[in-house]
Every structure is written in C-alpha cells, then in structure tokens.
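Asks: sequence first, predicted model second:
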There are 2 protein chains.
Amino acid sequence: MQLVTIDDIRSAAHRIRPRVVRTPLVPATWGDDNRPLWIKPENLQAVGAFKVRGAFSALTALTGPVEDVVAYSSGNHAQAVAYAAATFGMRAHIVMPEETPEVKVAATRTHGARVVLCGAGQREMVAAEVVAETGGVMIPPFDHPQVIAGQGTIGLEIAEDLPEVRTVLIPVSGGGLASGVGVAIRALCPQAAVYGVEPELAADTAESLRTGRRADWPVAQRNRTIADGLRSQPSELTFTHLQRVLDGVLTVTEDEIRSAVREFALRGHLVSEPSGAVALAAYRQGGTPPGPTAVILSGGNIEPRLLTEILAGRAV
Amino acid sequence: MQLVTIDDIRSAAHRIRPRVVRTPLVPATWGDDNRPLWIKPENLQAVGAFKVRGAFSALTALTGPVEDVVAYSSGNHAQAVAYAAATFGMRAHIVMPEETPEVKVAATRTHGARVVLCGAGQREMVAAEVVAETGGVMIPPFDHPQVIAGQGTIGLEIAEDLPEVRTVLIPVSGGGLASGVGVAIRALCPQAAVYGVEPELAADTAESLRTGRRADWPVAQRNRTIADGLRSQPSELTFTHLQRVLDGVLTVTEDEIRSAVREFALRGHLVSEPSGAVALAAYRQGGTPPGPTAVILSGGNIEPRLLTEILAGRAV
C-alpha cells in the first residue's frame, strides 16, 4: 500500500491554493501558561469545514475531461464536493440518506448539485449506480490519496506558522484529516506529538490503535454522539496512515464537547460544530505535553437550535 | 493639522507585525451575486477586537524608556492597552467608569493591568491624575496619529488581499478605525468607495459629515444603541480624516444589527459583538455599489446572554 507523502501534500497545496482560505493559526490568550494554545479555524472555509481542501485536491488531480463527479455524504463532504465541482463547471451528484436534515440537503443544492436520496445503509450502492449511470468520477470522503493529501495541507500550514509546535490535536472520524495532517507534521515537525481525538461514544479508532486491528463499532452505537461528523470509521488506507503517524487517540465526553463548543464561541469568537470542537475538549483535559499546542477546529456547521442550547448552558 | 499617511500606516504595519494576527480576508459564499462579500475577522485578534493594532502601534512608536501607560476605556481599548503593555513589561493603568460590567474589569485585570474606577463622566480627569501620579504615557482610544495608523493596517491588508475591492464598509465610533482604513484604501484602491457605518441611534457622524461640522449628541441618546462600542464621537483629528476619506456614513437599525450578529454566527461561523456587525448590517440593506465588497467585523466581545438571545430570535 502506497502512503501519502509530504511531497503529495506539497503538490496538493500548490493546486488548491487559489481555491481555499489560507487560514491563520490564531494564538489564544486563554490557553494554559505551560501549553500555549493555537487554533486552526477551518470553519472559515467556504462550506464551513476543512473538507473543501480534500475536494479541491481530488478534483484538481483528475486527468482528462471529467464532467460529472459523485459523492455520498450527509455532511460537510457533500457540500465541499458540490462547491468544488461548481467552481470547475462540473456536475455534482450527491447521494444522501433520506433522513438527512432538510437544511443540509438544501445547502448542497445551493451549490448546484443534484441530490439523490437513498435508504439507510444504501449510500455506497446507490452511489455506484450513479457512477454507472453518469460515467462520473467518485470522490470518497476520506479513502483516497488525493483527499488525504488535501486535508494534509492543514498540517503544512501549521508547520509554516508554528515550526516549534509541540502537540497537534486532530479530530478523527474516517481518518482522512488525521492521516494527512499527521504525515505533514511528522515530516516537518519531528519534535511534535500528534494525537487524534474521538468522542468516547465513537471511539473505534482509539480501540483499533490499541489492538492493532480495525475495530468495527455498530453504527447505532457510533450514532449516539452529538458529534455527527465523527461517526465514520477509518478505511484500510487511512488506518494504515494513522498507525504510522499518530502517537495515540484521546477520547472526550459529550459534556466536554459541549463545553468546548461554548469556549470556542465565547473566548475564541468562533462557531464550531460539535465535531469541530473535540480537539479543544481534549486540550482541556490537561494531559497533553507542555509546549505550544495546535488544535484544529475542523468545522462550524451547527444547528442554530443546538448552538443556542449550548450557549444557554452552564458557564465555561 | 497633520493627517496620517499611507507611509505612517506602512510603518505601523512593520512594527506591529510580530504582535497581531494577520487576519485573512475571508470570502463568504453567502453574499449577493453582484456584490461578492469578503469578511475581515478582527474578532480573531488577541483581545477579540481590532484595538490591539492601534495599541501596539502606539506603544512601539514610543521613544525613550516608558514604564507606565495610561488609558481610559470601558471597552476593547482597555484590554488592548493592558495586553500590549504586558507584552512589553510595562505597567498599564486603566481608568474605567464604576458602572463597567465586572466581566470587563476582570478581563482587563487578567492582562495584569491596574484598574482605576471612577465616577461617570470623570474618566478623562481621573486619567490625567493617573498620568500626573505615575509619569505614564496616555494612550487615547482614537485621537492619536499612531493609533489611527495602527488601525489603518487593516486597510493595508484588505488592499493586499483584494486589490480590486469596490466597496469597504467600516464601523464608526470615535473614528480611529475608519480614518486609518480610509487613508489606506484611498491610497491603494482609488476605485473603491469607503463608507462608515453607524447605528441610527448614535448617528452623530452621519449628521456631522452632512453638515460639515461635528455634531454633539447627548451621551444618554448615544447610549441607547445595543452597539456599546459605537457610542463615542470623533475628535477634531479623526473627523478631519473622515471628511477626507469617507464617501459617506450609512446607518443601521437595532434590528438590522441583531440580524447581522446572527448571520455572522450561523453563516460566517464568527461571533461578533453588536458593534462588530454593523458593516454587515449595512451590506444587507443592499444599497452599496456592485462589485467586491469588504466588511470589517471589528470585534467579538459579546455578553453570552445577549448572543444566546439573538441566536434564539427570528431566522436570518
């Protein structure tokens, strides 16, 4: 199996530069004294999440004329592919489960995509049918070297802005983000510890890294977490990367996730979705090494009602 | 009267570069088609507001050894001076009215400043006493060329990132921000229209520019707006700049301000204080010229209860 390299990430960075926001690494004055805190605010990307990096990386790596792209996702990847495809005048076909909230379906259509609704558990099969029907190219959410390389550009930017970084904390779901960022940090900041972060309620990767083989948690179990973007599991490709580049996976509770969403909003002035706040939640547990610490705020697409409820909750 | 020049702003930019966040100009996919929207998120600065730029500009322009600095402010300028002074190991003495919310007093003390409370309307007199007592240097919130030059670095960055900008919308209170940004945009993007934005309830500068002389609105009248950072009035120095660099001042209602706070949070994933959202509110009125439009989100320090209330309100 060929792993993504720092050169792949550099090449992706070059290709996507005109298309994505070069987010700053923002120093937070409200971190711990011995672990200065820096935030990578990927909620400022066009669709409110880092996923545009992988989508543009994959689309700009296509060779030959491509008119149709296909993706299956109920989350930020759907909007990212729809948005990136529209940029290049390609048609996007996005397969989403019927139970996807109407607001996400509408957001995907906003970018001009065709949405194909399907029954629960039918996504991959229906997506394959759409590929067969349209001759389109499938852009998977994480199981793809160019998608991993695109997400890895975040690590490249962290290394540029904070070469002395000591700890990097990254949300883990399918593992594309953590794989790419991990490769970049390992290559450029060998002194840094790199941790994935998962909800306790969807901690399949923490278990997998401990045992050395991919655990399979029932989807109903993973779906318990409020962090709806962190319910996927790594593929063989991303898991192999994670084994190579992560120092471990930290897990956080639902209450810790809510507190982190609140802290991002009130102290960082940044709106995070629950999935986007797990790295800060892990930082707040206090167990990571001393020294400069970068947390990735991976996305900001939170339901208004949930954000309101969290803000109205207990104090930070 | 000597006005601030683009060279003053360039010099300030050079001095403050290591101390402030180089904020990105973030493209918003949710703007109008004929007026592409860009956001300058100054809520990402260390104290949650652009004020650190002016504070660092003023402190780095001091000549000779200075151990004490003095400021009067109940708002973001207080924290900015406290923060900047602490960076250089200077003592900061901040004069605040007794009715200042405890949270803001505490935030200022967090940065190591000494807070001197005073009666309403006594701020300038007490600050002068503190200067006499400590031999400190006064750093005013806007009536100071180096403060204006520091705020102007935002305009420099907008011109770097979006040289083709057609409209720039800037919150106006004491006018330091609008003066500095206006000078930079006039010099570097002569094609751009530059508008100040005020709450209708504190629209002294709109009136002043119309009549050509500084209007004086009673403080009780200005205090009616929810935008607590926009209740000051320009000085002779800033008013002269504004006459020279602004195409006009737009005014927004309290409801429009609330809607803009909500839109920044839910679509931009950025937390804004009411004062920070007036430029977006003016954009949403729809009357500004077609073409690329930059709005300055000047600060994010909003009371949690108010943010919650606004989010729970009507839809964007």
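Replies: Looks like it came in fine. Numbers count the residues shown, from 1 in each chain, chains lettered A, B, ... in the order given.
Asks: only C-alpha atoms for contact and neighbour calcs from this point on.
Replies: Noted.
Asks: three-state assignment of the residue lying closest to residue A:207 once chain neighbours are set aside?
Replies: Spatial nearest neighbour of residue A:207, chain neighbours left out: residue A:215 (6.6 Å); criterion: CA to CA, 6 or more residues apart in numbering or on different chains. When the structure is reduced to helix, strand and coil (DSSP: H, G, I helix; E, B strand; the rest coil), residue A:215 reads as coil.
Asks: try the one 5 residues further on
Replies: With three-state DSSP as the basis, the three-state label of residue A:220 is helix.
Asks: any idea of the mean pLDDT in stretch A:180-197?
Replies: The pLDDT scores in stretch A:180-197 average 98.
Asks: now do whichever residue of the stretch 101-250 of chain A sits closest to chain B against residue B:267, distance only.
Replies: Evaluated by CA to the nearest CA, the stretch 101-250 of chain A has residue A:111 as its residue closest to chain B, separated by 9.5 Å. To residue B:267, residue A:111 is 15 Å away according to CA to CA, to the nearest Å.
Asks: so the residue nearest to residue A:207 versus residue A:2, what's the distance?
Replies: Distance from residue A:215 to residue A:2, by CA to CA: 22 Å.
Asks: need the residues of chain A near chain B, please.
Replies: For chain A, the residues found near chain B under the criterion CA under 8 Å from any CA of the partner chain are A:21-24, A:26-29, A:43-48, A:265-266, A:268-272, A:300-302, A:304-305, A:308, A:311-312.
Asks: which of these are buried?
Replies: Of the members of the residues of chain A next to chain B, the ones counted as buried by neighbours, 16 or more other CA atoms under 10 Å in any protein chain shown, are A:21-24, A:26-29, A:43-48, A:265-266, A:268-272, A:300-302, A:308, A:311-312.
Asks: remind me which residues of chain A are low pLDDT?
Replies: Counting by pLDDT under 70, the low-confidence segments of chain A come to A:314-316.
Asks: show me which helix runs longest in it.
Replies: Determined from DSSP state H, the single longest helix within chain A is helix A:145-161.
Asks: for that one, list the C-alpha coordinates in CSV.
Replies: C-alpha atoms of helix A:145-161 as CSV (Å, rounded to 0.1, in the frame of the first residue of the first chain):
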residue,chain,number,x,y,z
PRO,A,145,-4.8,9.6,-1.5
GLN,A,146,-5.6,12.9,-3.0
VAL,A,147,-8.3,13.6,-0.4
ILE,A,148,-5.8,12.8,2.3
ALA,A,149,-3.2,15.0,0.7
GLY,A,150,-5.6,17.9,0.5
GLN,A,151,-6.5,17.6,4.2
GLY,A,152,-2.8,17.4,4.9
THR,A,153,-2.3,20.9,3.7
ILE,A,154,-3.6,22.0,7.1
GLY,A,155,-0.5,20.3,8.7
LEU,A,156,1.8,22.1,6.2
GLU,A,157,0.3,25.4,7.2
ILE,A,158,0.7,24.7,10.9
ALA,A,159,4.3,23.8,10.3
GLU,A,160,4.8,27.0,8.4
ASP,A,161,3.2,29.2,11.1
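Asks: mind jotting down where the helices sit in the stretch 151-300 of chain A?
Replies: Taking DSSP state H, counting those that start in this stretch to define them, one finds helices in the stretch 151-300 of chain A at A:176-188, A:204-211, A:219-222, A:236-245, A:254-266, A:278-285.
Asks: list the buried ones in the second one?
Replies: Same thing as helix A:204-211. Buried residues in helix A:204-211, counted by 16+ other CA under 10 Å: A:204, A:205, A:206, A:207, A:208, A:209.
Asks: same question, the third one
Replies: Under the neighbour-count criterion of 16+ other CA under 10 Å, helix A:219-222 has residue A:222 buried.
Asks: and for the last one?
Replies: Neighbour-count burial for helix A:278-285, with 16+ other CA under 10 Å as criterion, is recorded at A:278, A:279, A:280, A:281, A:282, A:283, A:284.
Asks: now the fifth one, nearest residue through space, not along the chain?
Replies: Right, residue A:282. Nearest to residue A:282 is residue A:252, by CA to CA, 6+ apart, at 6.2 Å.
Asks: any idea what that neighbour is bridged to?
Replies: Residues found in beta-bridge contact with residue A:252 (criterion: DSSP bridges) are residue A:199.
Asks: I'd guessed it sits against residue A:278; true?
Replies: Yes - counting by CA atoms under 8 Å, residue A:278 is a contact partner of residue A:252 at 6.8 Å.
Asks: which neighbours do those two share?
Replies: Contact criterion CA atoms under 8 Å, 6 or more residues apart in numbering or on different chains; residues shared by residue A:252 and residue A:278: A:197, A:198, A:199.
Asks: re the thing from before, between the buried residues of helix A:204-211, which sits nearest residue A:33?
Replies: Using CA to CA, residue A:206 comes nearest to residue A:33 of those, at 28.3 Å.
Asks: in TSV, list the helices of the stretch 151-300 of chain A along with distance to residue B:7.
Replies: Compiled in TSV, the helices of the stretch 151-300 of chain A are given as follows (distance: least, CA to CA, whole Å):
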stretch	distance to residue B:7
helix A:176-188	37
helix A:204-211	54
helix A:219-222	57
helix A:236-245	47
helix A:254-266	36
helix A:278-285	41
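Asks: these: which one's closest to residue A:158?
Replies: Residue A:158 lies closest, by CA to CA, to one member of those: helix A:176-188, at 8.1 Å.
Asks: who does that closest one touch, helix- and strand-wise?
Replies: Applying 3 or more CA pairs under 8 Å, 6 or more residues apart in numbering or on different chains; DSSP states H and E, one finds that helix A:176-188 contacts helix A:6-16, helix A:145-161, strand A:167-171, strand A:193-199, helix A:236-245.
Asks: walk me through the domains of chain A.
Replies: In terms of domains, chain A is parsed into A:6-49+A:144-311, A:67-135 (source: automatic domain parsing).
Asks: which stretches in the stretch 1-150 of chain A count as helices?
Replies: Under DSSP H, counting those that start in this stretch, the stretch 1-150 of chain A gives helices at A:6-16, A:51-60, A:76-87, A:102-110, A:123-134, A:145-161.
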